[in-house]
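J.: my questions are about this predicted structure, shown below with the sequence.
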Amino acid sequence: DAGITQSPRHKVTETGTPVTLRCHQTENHRYMYWYRQDPGHGLRLIHYSYGVKDTDKGEVSDGYSVSRSKTEDFLLTLESATSSQTSVYFCAISESAGEYNEQFFGPGTRLTVL
Amino acid sequence: AQTVTQSQPEMSVQEAETVTLSCTYDTSENNYYLFWYKQPPSRQMILVIRQEAYKQQNATENRFSVNFQKAAKSFSLKISDSQLGDTAMYFCAFRGYNNNDMRFGAGTRLTVKP
């Protein structure tokens, strides 16, 4: 199994509070991704990173920001959480974006915004 | 934007029988990648099988095989000799050749009955 951990695994917070989710990898993969999973939508890409300090937006980036100061860590921040951001968040990594490269997923973080 | 459609929200199959999960997608690209991911109750996303669009031959991984129809933009997954451990959500996913944005379908919940 790819070495990907996410923290916390579960979090309950209140509307308007800031929240940061952490993804940590031990594979030294260049690409890291944040997805959210909601019923009826599958997984949707929030942001991704193609290197240290290099990030780009995905399909559903509004309300989220990311940072990557080290190869192994990719942080997802909700500056002011809203109930619509209640979801399960998955981090993924891949060696490269092109060719056949598989994305390996972390165990997920369940976030509830009350 | 590419879209992925899984028209079967839920399916069930008897143990040892064969089941086919449907997936269609919409794209104007000529080369791309298609994937099937499995998500068991543990929530971990696991790659089941993948296909590159320019390859005519359908991918096979043990009991899992695909029927890739490029002209019809169809990518179905066949599970032979179904096992209880195949019970999971199955997601079809599309990624463009030089694209970091993987698009997922809404998923099909498969239950294998003893």
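T.: Cool, the structure landed.
J.: tell me which residues of the longest strand seen in chain A come out buried.
T.: What stands out as the longest strand in chain A, according to DSSP state E, is strand A:42-51. Of the residues in strand A:42-51, those buried by neighbour count under the rule 16 or more other C-beta atoms under 10 Å in any protein chain shown are A:42-49. C-beta here means a position set from N, CA and C on the backbone, and glycine is covered the same way.
J.: and what of stretch B:12-21?
T.: Across stretch B:12-21, burial judged by 16+ other C-beta under 10 Å covers B:13, B:19, B:21.
J.: who's in contact with that stretch?
T.: Residues outside stretch B:12-21 that contact it (C-beta atoms under 8 Å, 6 or more residues apart in numbering or on different chains) are B:6, B:8, B:11, B:36, B:67, B:76-84, B:90, B:92, B:108, B:110-114.
J.: what subset of those residues is buried?
T.: Neighbour-count burial within the contacts of stretch B:12-21 applies to B:6, B:8, B:36, B:76-79, B:82, B:90, B:92, B:108, B:110, B:112; the criterion is 16+ other C-beta under 10 Å.
J.: so which of these also contact chain A?
T.: Of the entries in the buried ones among the contacts of stretch B:12-21, those that also sit close to chain A under the rule C-beta under 8 Å from any C-beta of the partner chain are B:Gln6.
J.: which of the buried ones among the contacts of stretch B:12-21 fall in strands?
T.: With strands identified by DSSP E, the entries of the buried ones among the contacts of stretch B:12-21 that belong to them are B:36, B:76-79, B:90, B:92, B:108, B:110, B:112.
J.: nearest to chain A, of the residues you listed?
T.: B:Cys92 (8.4 Å; C-beta to the nearest C-beta).
J.: follow-up on the earlier one: can I get the buried ones among the contacts of stretch B:12-21 in JSON lines including pLDDT?
T.: Conversion of those to JSON lines gives the following (pLDDT from 0 to 100):
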{"residue": "B:Gln6", "pLDDT": "96"}
{"residue": "B:Gln8", "pLDDT": "96"}
{"residue": "B:Trp36", "pLDDT": "97"}
{"residue": "B:Ser76", "pLDDT": "97"}
{"residue": "B:Leu77", "pLDDT": "98"}
{"residue": "B:Lys78", "pLDDT": "98"}
{"residue": "B:Ile79", "pLDDT": "98"}
{"residue": "B:Ser82", "pLDDT": "97"}
{"residue": "B:Tyr90", "pLDDT": "98"}
{"residue": "B:Cys92", "pLDDT": "97"}
{"residue": "B:Thr108", "pLDDT": "97"}
{"residue": "B:Leu110", "pLDDT": "98"}
{"residue": "B:Val112", "pLDDT": "97"}
